[in-house]
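Chemist: Fold the following.
(one chain, ligands or ions: 1)
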Amino acid sequence: MTVTSKATCEDLDASDPLAVQRSMFSLPEATLYLDGNSLGALPRSTAAKLDKVITEQWGAGLISSWEGHGWWAKPLELGDRLAPLIGAAPGEVVVGDSTSINLFKVLAAALGLRPGRRVVVADARHFPSDGYVIEGLCALLPGCQVRTVEGDDRRLAEAIDDSVAAVVADHVDYRYSTVRDMSEVTSRAHSRGALAIWDLSHSAGAIAVALDRDEVDFAVGCTYKYLNGGPGAPAFLFAAQRHLETARQPLSGWSGHADPFGFSAGYKPAPGVARFLCSTPAILSLAAVEASLDIWDSVDLAAVVDKGARLGDLMIELVEARFPDGAMTLASPRRASERGNHVAFRHPRAAELIARLAARSVIADFRPPDILRFGMAPLYLRYVDIWDSVEVLSEVLGAVD
Ligand SMILES: *Cc1c(COP(=O)(O)O)cnc(C)c1O
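Modeler: As a prediction, this is how the structure comes out:
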């Protein structure tokens, strides 16, 4: 793709199969929002949906809504609706708690399935919270050891030996957007008798994910990034069908009990993926996730993946054409197939640039030490938005040079 004018971008928008989805989001006028990978935009239907749940279900229905409006079953119902986005089957996904908490649950479950093994291989590139959780869980287990691995997929895979219980890795790395080879790392783990746990926070709703095809054991991820569930929205948790009857997780609250309303003494895990639940579902937050899934249900995922790749390619092309002197250096993979849906560049004054962009209503992220991160949410970003953002970037860069 060679794009030399804004008119070309307008043509691309005119033939964009996802153009209709943009109208389903409420975006502030004159803001170019390149941060949908951090906090997804607000669907237009969310406020009305929440209002209905609050007034009709909570206000009028009161406690009868647990049954009458299916509140109790929401984590499983929404899990089934989210499953196709990550290549999972119905009955393998729940929505609830947070990504960090869900990671604690699935890692503990994985360690339980591999008694006698006490090494966890951790991806050094992961989002720091994942590392903190792995550390925290291991500190509870005598003899547990974290093996943090730097490097590419091969290095990560090679670190998995017969002492390893599980490997935990981010599918798309939050900083540089590098995509890990889920199939390669997972199959290496299995060949050594270990389990594979993936964090999909930056891949769900952005790139192709095939958990069942790749035989992934467990996965977790956010719904407030590309999935537009709102700030702090409940996360998802995937457990492969083959582990559902044997896996046990330690946050054994009543929601994951086989008979929560039996109020009996002693924990008995629910059959199926419900055993990964812990507490009373956060109904209002789940309603916002539901509003977002109403949009995702109608979306062709292949078109999302394709457009995300094109937007990223366009960003790279325009930035490199504008700054041939290398003032901004690409920190993400150049090939779209190796990249998630954000693009990172390096600049020594990245923090200042991001602040100056924000002052001009171009919203992107700074990540230390020198990374500018631009998120390409395919459902509501237009090709012209990329063009306009790079225009502003070049003006802003002129001001700091
Ligand atoms: C955003 C993100 C998280 C956030 O976890 P929370 O528990 O929701 O705060 C975790 N992991 C990854 C990879 C992320 O990108």
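Chemist: any idea where the strands of the stretch 301-401 of the chain begin and end?
Modeler: 329-330, 342-346, 362-363, 365-367, 371-375 (DSSP state E, counting those that start in this stretch).
Chemist: Kindly report the same for the stretch 1-150 of the chain.
Modeler: 25-26, 32-33, 42-43, 93-95, 119-123, 145-149.
Chemist: that older thread, for my notes, please list the strands of the stretch 301-401 of the chain in CSV and give distance to the ligand and mean neighbour count for each entry.
Modeler: (Glycine included, C-beta is placed from N, CA and C.) Formatted as CSV, those follow (distance: least, C-beta to the nearest ligand atom, whole Å; neighbours: other C-beta atoms under 10 Å):
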stretch, distance to the ligand, mean neighbour count
strand 329-330, 21, 15
strand 342-346, 11, 26
strand 362-363, 17, 22
strand 365-367, 11, 18
strand 371-375, 11, 25
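Chemist: out of those strands, nearest to residue 322?
Modeler: Residue 322 lies closest to strand 342-346 among the strands of the stretch 301-401 of the chain, at 11.4 Å (C-beta to C-beta).
Chemist: tell me what that closest one is packed against?
Modeler: helix 301-322, strand 329-330, strand 371-375 (3 or more C-beta pairs under 8 Å, 6 or more residues apart in numbering; DSSP states H and E).
Chemist: I'd like those laid out as CSV, including mean pLDDT.
Modeler: Formatted as CSV, those follow (pLDDT from 0 to 100):
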stretch, mean pLDDT
helix 301-322, 97
strand 329-330, 96
strand 371-375, 97
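Chemist: Report how many residues lie close to residue 20.
Modeler: Neighbour count of residue 20, defined by other C-beta atoms under 10 Å: 11.
Chemist: I meant to write residue 283 there.
Modeler: Close neighbours of residue 283, defined as other C-beta under 10 Å, add up to 18.
Chemist: My understanding was that it contacts residue 72; is that so?
Modeler: No - using C-beta atoms under 8 Å, residue 283 makes no contact with residue 72, being 9.4 Å away.
Chemist: Now do the contacts for residue 383.
Modeler: 3, 9-10, 12-13, 16, 310-311, 314 (C-beta atoms under 8 Å, 6 or more residues apart in numbering).
Chemist: Count the residues that sit near the nearest residue to residue 95 once chain neighbours are set aside.
Modeler: Sequence neighbours aside, residue 78 is the residue nearest to residue 95 in space, at 4.3 Å (criterion: C-beta to C-beta, 6 or more residues apart in numbering). Applying other C-beta under 10 Å, we find 25 residues neighbouring residue 78.
Chemist: Let me see the contact set for residue 78.
Modeler: So residue 78 contacts 95, 286, 289-290, 293 (C-beta under 8 Å, 6+ apart).
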